[in-house]
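Chemist: Generate coordinates for the sequence data below:
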Amino acid sequence: MSLKIRIDDSAPPYEQVRAQISEQARSGTLPVGYRLPTVRGLAESLGLAVNTVAKAYRALEGDGVIETRGRNGTFVAAAGSAAEREAAAAAQAYAERVRRLGLGEAEALGTVREALRAAYGEG
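Modeler: Okay, the predicted model is just below:
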């Protein structure tokens, strides 16, 4: 198991780093607790600017995919815990809002299904 990142011209490099690490962490290719290279080390190995990799790591940390433990390094975080907490908070806020708007459960769930279909490109 090791981190594999390929950079091409398809998107900004920081977004490619972010997306590839995120996908590898979520798929289990990079297990929880896997120690990532330093920002400087990964930047050198990919031929990118340090700030580019730092931006990707900040975004991943904000998404709850990785966690930095000070001088001990940066690691793959517990699977989805931060993402699940954020989704639960968003769902709670949505539930409170639709209740205030007077929508019933069936209407609220239908609206969510439509939004998810649109977000995932299912029509």
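
Chemist: So the residue of the chain most remote from its centre versus residue 108, what's the distance?
Modeler: Using Cα atoms, centre = their mean, the residue of the chain lying farthest from its centre is residue 102. It sits 33.2 Å away. In this view, residue 102 and residue 108 are 10 Å apart by Cβ to Cβ, to the nearest Å. No exception for glycine: its C-beta is placed from N, CA and C like everyone else's.

Chemist: For residue 86, give me its contacts.
Modeler: residue 64 (Cβ atoms under 8 Å, 6 or more residues apart in numbering).

Chemist: Walk me through the domains of this protein.
Modeler: When the chain is parsed with automatic domain parsing, its domains come out as 13-76, 81-119.

Chemist: centroid residue for the chain?
Modeler: If you average the C-alpha coordinates of the chain and look for the closest C-alpha using Cα atoms, centre = their mean, you land on residue 63, 4.3 Å from that point.

Chemist: re the thing from before, can you flag the weakest of the domains of the chain by average pLDDT?
Modeler: Of all these, the minimum mean pLDDT falls on domain 81-119 (a mean of 86).

Chemist: ok, now how distant is residue 2 from residue 61?
Modeler: In this view, residue 2 and residue 61 are 21 Å apart by Cβ to Cβ.

Chemist: meant to ask about residue 41
Modeler: Taking Cβ to Cβ as the criterion, residue 41 is separated from residue 61 by 17 Å.

Chemist: So the two - more neighbours on which side?
Modeler: Ranked by neighbour count (other Cβ atoms under 10 Å), residue 41 and residue 61 place residue 61 first, with 15 against 12.
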